[in-house]
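A.B. asks: I'd like to go over a predicted model; first the sequence, then the structure.
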Amino acid sequence: MFMVNICGMCCLYTGDYSRVTDRHLSAADMPPVTPHIVIVESTYGTQLHGPREARERLFTDRIAATVRQGGRVLVPIVAIGRAQELLLLLDEYWSKHPQLQGIPIYQASGVARKALNVFQTYVGMMNADIQKAFQFSNPFQFNHVQVLKSGAVIDESGPCVVMATPSMLQSGLSRELFEAWCESPNNTVIIADFAVQGTLARDILSSPQHVLSRTGVKLPLRCKVESISFSAHADYDQTRLFLDELQPPNVVLVHGEVNEMMRLRGALERTAWEKGWKRALHTPKTDSSIYIPFQPKHVAHVRGRLAVQPAKPGQALRGVLVQQAGLDQILHPDDLSTFTELTAGKVIHRQAVAINKPFQDIRLALEVMFEGIEGSGHLPVKTAQPAGTVSPSSSRSCGSSLDSGASEMVKPQVVPEESEQAVRVGDVVTVWYRPGNTALGYESHVVLEWAGGSKGDVVADAVLAVLLQTAGQPPAAAQAEDALRKAVAVGDGSAATEAEMQLAGALLAQQFGPADVNTTTGQIHLEVDGVGVLVEWVAGKVVSGNSGLQSRVERVLRRIEEALRPCALNFED
C-alpha cells in the first residue's frame, strides 16, 4: 500500500492486498491515519473466499483423490506469491501422508524458482510462522517438490501434480499440459487464482463440452475442473471491514470487472447509509478522470524577523518552511540556526571558458550588455580585485563548491598574479581573465564565479552568452569555412572536401585539443590525455582504444556533419 500526502490531503492506494494471513505472508497493515481518499481494488466484488482451512482441505482432498486413481493434476498458478503458498501446503500434506510420497509434485515455473531465492533472503518480511520455522530449517527447501529447470522433462507415465504458469492458461507450459490432459476424466485442473473474463481459465469454469486448442482443433473437455481460490485479492468482507475501520469520505473502486465493481459499490453505499456515514463511491472507467474537491489546510508558525511585522490577509510571505518534529515554521534563512539545528548554505559555481580575446574587448562587451541598454535595469560592471593564481587547495576549474553558511561569498585561496584582471557584474558574477601562458601549458581563458540562486544563475547565463559571442569561432574554422564557401561556388568538389576536413578539424580541436588534419589520407588525428583517436572523414568512422572517448568523438562528429550538410526542403502541393 502507498499513502500519499499532498498539502494535507492523504490518499491511500491499496494495490492488490489481503487482510488475511496466509502460510507465508502477513496480512496487510491498517494505516495509522484516516485518509481523505482510498483507491481500492474491487477484483472479487461481493464474493467471499470462505475460511482458509476449508479451502486448503478441499484443495488437498481433490488432489489426493485424483492421484490415488492414477490421474494427473494441473494447477495453473501465478509465479510469485500463490505458487509459494501452494507449494508449502502440498509439501506439508505429502509429509503427513507417506502413501503419496512416491507421486511427484513438479514446480515448473522458472520465475517461481527464482522467486524462492527472494523469499529465503527476505525472511523478515514473511509472517511469524515462517520466521519461527527458519530458526530450525528452511521451509522453502521442499522435501517432496521437484523444482524443474529449463528444458527438464515431466514424467507423465503415472500420476503427478504439476504447477505451471501462466494461471490463465493462455499460453506456455500450463496450456500445453491442459491440451494434453483435458480429454481424460481421470485428470483434474484446479483454478486457484482469479480467472479473468475472456481467458481459457474462465471459460472452462462454465463446464463447456469442448475447447479449442491453440491450433484451432476442437478438444473434448472430459477432465474435472475445480475452482478453489487462494487469490491474494481481498474479498467483500475484507474490503468492507477495511473501509469500515478507516471510514474515508471518498472511495475509488478500481481493478475489477464492471458487474462486480458495481455490486461492490452498491453494497458499500448501503453499509454507509445504514451507519450514517458520509461516503462518496467512485467507479471511474479506464483512462478517465474524477474530480474530488479538497480545501488544503496548513498551519505554520512564523518566527524571527519575519514575525516583526504581522502579515496581512492575502499577503504573500517569503521564507523557508521547516517541518521538524511535528512543528511547521516559516523562517528567514538567517534565522535557521536560531530556531532550528539547520544552517543556511551557499553553492559557489565556477566555470572556465577558453577565449582568445584581450581583456579590454571582454570588458567592453560586458559593459555594452549590462550598462548600455535603457529600461532593462542596472547591472553595473565594476573592476574587481584580481584573484591571482588559484592554489591547489582551491582550484577554479569547472564545477561548484558548497559554502556551509557564510553570509559573504567564499574567496578562493590564491597566489597573486599581476597579469590577471577581473570585473564583477551586478555584484553577482565575478569574471577573472587569465592570459595564456605557454610555460605553464594553458591558453587564455576566463573564469566565472557566482553564488547559486535564481538571480545569480540568470546573470551568469547572460554573462556566459556574452563571452561566447565575444570569443567567436576559432580563426582556423573561419579560414576553412571561407575556403569551403569558395570551393562550393566554383564547383570544386575535391577542394570542398578538403575544406570540410579542415573545418571539422578546427571544431574538433575546440573540443578535444590539437587536431592533425591529413587531407591526402582523409584522416584527422587527435590525442586526448595520451589516448589517440583516428577520424576517417570520408567513411565517417572513429577509431580509438578508449570506447568512452570514441563515443564522445562520434557524437561531436555527427553534429559537425549535420551542421555542414544543407537541409532538405521538400514542398508538396
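C.D. replies: Cool, the structure landed. Since the structure is predicted, the reported quantities are computational estimates derived from the model, not experimental observations.

A.B. asks: part of a helix, is residue 233?
C.D. replies: No - assessed by DSSP: H, G, I helix; E, B strand; the rest coil, residue 233 does not belong to a helix; its assignment is coil.

A.B. asks: for it, which non-adjacent residue is spatially closest?
C.D. replies: Of all residues not flanking residue 233 in the chain, residue 43 sits nearest, at 4.0 Å (Cβ to Cβ, 6 or more residues apart in numbering). Bear in mind the C-beta positions are built from the backbone N, C-alpha and C, glycine included.

A.B. asks: repeat that for residue 19.
C.D. replies: Leaving out its chain neighbours, residue 19 is closest to residue 238 (Cβ to Cβ, 6+ apart), at 4.3 Å.

A.B. asks: elements contacting the host helix or strand of residue 350?
C.D. replies: Per DSSP states H and E, residue 350 falls inside strand 346-354. The elements that strand 346-354 packs onto, with contact taken as 3 or more Cβ pairs under 8 Å, 6 or more residues apart in numbering; DSSP states H and E, are strand 399-403, strand 445-451, helix 454-471.

A.B. asks: let's test this: mean pLDDT of the first one, rounded?
C.D. replies: Think strand 399-403. Averaged over strand 399-403, pLDDT sits at 41.

A.B. asks: I figured the residue nearest to residue 233 was touching residue 253, is that so?
C.D. replies: No - taking Cβ atoms under 8 Å as the contact criterion, residue 43 and residue 253 are not neighbours in contact, 10.1 Å apart.

A.B. asks: off-centre distance for stretch 155-164?
C.D. replies: On the basis of Cα atoms, centre = their mean, to the nearest Å, stretch 155-164 is displaced by 42 Å from the centre of the chain it belongs to.

A.B. asks: export that stretch to PDB, keeping only CA atoms.
C.D. replies: These are the backbone C-alpha positions of stretch 155-164, laid out as PDB (Å, rounded to 0.1, in the frame of the first residue of the first chain):
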ATOM      1  CA  ASP A 155       7.400 -37.900 -16.200                       C
ATOM      2  CA  GLU A 156       3.800 -38.400 -17.500                       C
ATOM      3  CA  SER A 157       3.900 -42.200 -17.200                       C
ATOM      4  CA  GLY A 158       1.900 -42.100 -14.000                       C
ATOM      5  CA  PRO A 159       0.000 -39.800 -11.600                       C
ATOM      6  CA  CYS A 160       1.600 -36.500 -10.800                       C
ATOM      7  CA  VAL A 161       0.900 -32.900  -9.700                       C
ATOM      8  CA  VAL A 162       2.200 -30.000 -11.800                       C
ATOM      9  CA  MET A 163       2.200 -26.300 -11.000                       C
ATOM     10  CA  ALA A 164       2.800 -24.300 -14.200                       C
END
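
A.B. asks: any chance you could list what contacts it?
C.D. replies: 63, 66-77, 83, 86-87, 90, 103-109, 112, 154, 172-174, 177, 180 (Cβ atoms under 8 Å, 6 or more residues apart in numbering).

A.B. asks: of these, buried ones?
C.D. replies: Among those, those scoring as buried are 63, 66-67, 71-77, 83, 86-87, 90, 103-109, 112, 154, 173-174, 177 (criterion: 16 or more other Cβ atoms under 10 Å).

A.B. asks: filter those down to the ones in helices?
C.D. replies: Of the positions in those, 63, 66-67, 83, 86-87, 90, 112, 173-174, 177 sit in helices, assigned by DSSP state H.

A.B. asks: got a markdown table for these, with distance to residue 369 too?
C.D. replies: Listed next are these as a markdown table, based on distance: Cβ to Cβ, whole Å:
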| residue | distance to residue 369 |
| --- | --- |
| 63 | 83 |
| 66 | 87 |
| 67 | 87 |
| 83 | 69 |
| 86 | 74 |
| 87 | 73 |
| 90 | 79 |
| 112 | 67 |
| 173 | 71 |
| 174 | 72 |
| 177 | 77 |
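
A.B. asks: need the residues you listed in a markdown table with pLDDT, can you?
C.D. replies: Putting those into a markdown table (pLDDT from 0 to 100) gives the following:
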| residue | pLDDT |
| --- | --- |
| 63 | 95 |
| 66 | 95 |
| 67 | 95 |
| 83 | 84 |
| 86 | 91 |
| 87 | 90 |
| 90 | 94 |
| 112 | 78 |
| 173 | 89 |
| 174 | 92 |
| 177 | 93 |
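
A.B. asks: nearest to residue 426 among the residues you listed?
C.D. replies: residue 112 (65.0 Å; Cβ to Cβ).

A.B. asks: go ahead and confirm the closest one touches residue 81.
C.D. replies: No - with contact defined as Cβ under 8 Å, residue 112 does not count as touching residue 81 (9.3 Å).

A.B. asks: burial of residue 480, as a residue count?
C.D. replies: Residue 480 has 23 neighbouring residues, counting by other Cβ atoms under 10 Å.

A.B. asks: tell me which helix or strand comes right after the strand or helix carrying it.
C.D. replies: Taking DSSP H and E as the definition, one finds residue 480 inside helix 475-490. Later in the chain than helix 475-490, the nearest helix or strand by DSSP H and E is helix 493-512.

A.B. asks: okay, the next helix or strand after that following helix in PDB with CA atoms only?
C.D. replies: Stepping forward along the backbone from helix 493-512, the first helix or strand reached (DSSP H and E) is strand 515-518. Backbone C-alpha positions of strand 515-518 (Å, rounded to 0.1, in the frame of the first residue of the first chain) are rendered in PDB as follows:
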ATOM      1  CA  ALA A 515      44.000  18.100 -34.400                       C
ATOM      2  CA  ASP A 516      46.300  16.900 -37.100                       C
ATOM      3  CA  VAL A 517      44.400  17.000 -40.400                       C
ATOM      4  CA  ASN A 518      45.800  15.000 -43.300                       C
END
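
A.B. asks: please list the residues outside strand 515-518 that contact it.
C.D. replies: Here strand 515-518 has contacts from 501-502, 504-506, 508-509, 524-526, using Cβ under 8 Å, 6+ apart.

A.B. asks: in that strand, what's buried?
C.D. replies: Of the residues in strand 515-518, those buried by neighbour count under the rule 16+ other Cβ under 10 Å are 515, 517.

A.B. asks: cool, and stretch 234-246?
C.D. replies: Using 16+ other Cβ under 10 Å as the burial criterion, the residues of stretch 234-246 that qualify are 234-236, 238-240, 242-243, 246.

A.B. asks: same check on stretch 196-207?
C.D. replies: 200-204.

A.B. asks: so what's the residue count around the spatially closest residue to residue 200 that is not a sequence neighbour?
C.D. replies: Nearest in space to residue 200, with sequence neighbours left out and distances taken as Cβ to Cβ, 6+ apart, is residue 169 at 4.1 Å. Counted with other Cβ under 10 Å, the neighbours of residue 169 add up to 26.

A.B. asks: okay, and the helix or strand of this protein with the least pLDDT?
C.D. replies: When each helix and strand of the chain is scored by mean pLDDT, DSSP states H and E, strand 414-415 comes last, with a mean of 39.
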